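> no sequence for this one, just the structure:
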Ligand code: GLU
């Protein structure tokens, strides 16, 4: 019988899946299945400048080839802009956002961050930024343990809607996780810093935040995230060896499995996030260097 647990994997289709993103997909899937929960895929394609439909297709084909299949229809954020607008309007009405026509040039002295509340007018192109007010947020991360920070952690008022009209990840992720009744977020530790701002948004919108766990990030030899920006190689589709390598970063060995289905079933039974506790990153092994 299914439990109330609802988890998700929410890739941004800015490139094909690489080893690091397969590790994240597996962690959210295994945690959901270990708890007899529902696991859904959501495509975070709000940023039409960086996201491409062909990458969405490629990502879904790859996930499918590893039998990581959404239990419900796949949600595309690009189809829900009106919904994000509604919630932005609510934040405008409660004076929790402000318009901003600062330029990259004018924010140069703050290294691109936006530490102050500016007085911009809305007659010229403007973004909408979230007001942050030094509130102290803490939560018990399912993997990293007790976390505490201020919501303006990096002394920044994040953008919720850009000048070009696209919504930001921060607003869309909170709205969708809430509307999809997501109870557990298991994702990479590179997103820890966004958590305080997301908890702030949950509070402002009067919603209960999901439980959150950040798995260690797979990093290259220079301690950088393996990412599309670092030209990480796309993974092969349906390759048992790749699956075993990805699982090994989650401290799971499935050497005895001879196909993907078997390996996944064994991995669910062996899933133990406590083995990953309090590590923010795991260095890529020499064996995997050719794959990044
Ligand atoms: N879409 C985000 C990414 O691809 C992940 C969102 C999340 O897990 O909160 O980095």
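Ah, there it is. All of these numbers come straight from a predicted model, not from anything done at the bench.

> how confident was the prediction at the residue of the chain positioned farthest from its centre?
Relative to the centre of the chain, and counting by Cα atoms, centre = their mean, the farthest-placed residue is residue 123 at 33.6 Å. You'll see residue 123 listed with a pLDDT of 86.

> now do residue 159
For residue 159, the predicted pLDDT is 95.

> remind me which residues of the stretch 51-200 of the chain are low pLDDT?
151-154 (pLDDT under 70).

> and residue 187, backbone torsions?
Here the main-chain torsion angles of residue 187 (degrees, to the nearest 10) amount to phi -150, psi 180.

> renumber starting at 165 from here on
Taking 165 as the first residue, the last one we looked at is residue 351.

> how many other residues sit next to residue 345?
11 (other Cβ atoms under 10 Å). The way it works is simple: take the backbone N, C-alpha and C, and place the C-beta from them, glycine included.

> tell me the secondary structure at the residue nearest to residue 451 when sequence neighbours are not counted.
Leaving aside its chain neighbours, residue 451 sits nearest to residue 409 (7.3 Å; criterion: Cβ to Cβ, 6 or more residues apart in numbering). Put simply, residue 409 is helix when judged by DSSP: H, G, I helix; E, B strand; the rest coil.

> ok now do residue 409, which residues does it touch?
183, 449, 451, 452, 455 (Cβ atoms under 8 Å, 6 or more residues apart in numbering).

> also residue 196?
Contacts of residue 196 by Cβ under 8 Å, 6+ apart are 169, 170, 171, 202, 203, 348, 350.

> 7 Å - rerun?
If a contact means Cβ atoms under 7 Å, 6 or more residues apart in numbering, then residue 196 has 169, 171, 202, 203 as its contacts.

> now do residue 238
205, 206, 207.

> could you export those residues as a markdown table, including secondary structure?
Output for the contacts of residue 238, formatted as a markdown table (three-state DSSP):
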| residue | secondary structure |
| --- | --- |
| 205 | strand |
| 206 | strand |
| 207 | strand |
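
> which of those residues lies closest to residue 395?
Checking the contacts of residue 238 against residue 395 by Cβ to Cβ gives residue 207 as the nearest, at 22.2 Å.

> how many neighbouring residues does the closest one have?
Neighbour tally, residue 207, other Cβ under 10 Å: 22.

> quick one: the residue in the stretch 215-364 of the chain that the ligand sits nearest to from residue 378, how far?
Relative to the ligand, the nearest point of the stretch 215-364 of the chain is residue 351 (3.7 Å; Cβ to the nearest ligand atom). Per Cβ to Cβ, to the nearest Å, residue 351 is found 6 Å from residue 378.

> likewise for residue 310?
With Cβ to Cβ as the criterion, residue 310 and residue 378 are 13 Å apart.

> which of these two has more neighbours?
Counted by other Cβ under 10 Å, residue 310 and residue 378 do not tie: residue 378 has more neighbours, with 24 against 8.

> am I right that that one sits in a helix?
No: per three-state DSSP, residue 378 lies outside any helix segment and is strand.

> pLDDT value on it, please?
For residue 378, the predicted pLDDT is 97.

> dump the residue contacts of the nearest residue to it once chain neighbours are set aside.
Ranked by Cβ to Cβ, 6+ apart and with sequence neighbours excluded, the top spatial neighbour of residue 378 is residue 353, at 4.3 Å. Shown in contact with residue 353 (Cβ under 7 Å, 6+ apart): 378, 379, 380, 381, 444, 445.

> got a winner among the residues you listed for most neighbours?
Highest neighbour count within those: residue 379, with 26 neighbours (other Cβ under 10 Å).

> what separation is there between that residue and the ligand?
Distance, residue 379 to the ligand, by Cβ to the nearest ligand atom, to the nearest Å: 11 Å.

> ok, the one helix or strand residue 357 maps to near the ligand or not?
Using DSSP states H and E, residue 357 falls within helix 356-369. No: between helix 356-369 and the ligand, judged by Cβ under 6 Å from any ligand atom, nothing touches; the nearest distance is 7.3 Å.

> which residues of the stretch 265-414 of the chain fall in helices?
Remark: helices assigned in the stretch 265-414 of the chain by DSSP state H, counting those that start in this stretch are 333-343, 356-369, 404-412.

> count of neighbours near the nearest residue in space to residue 167 that is not next to it in sequence?
Counting by Cβ to Cβ, 6+ apart, residue 200 is the residue found nearest to residue 167 once chain neighbours are left out, at 4.6 Å. Neighbour count for residue 200, taken as other Cβ under 10 Å: 12.
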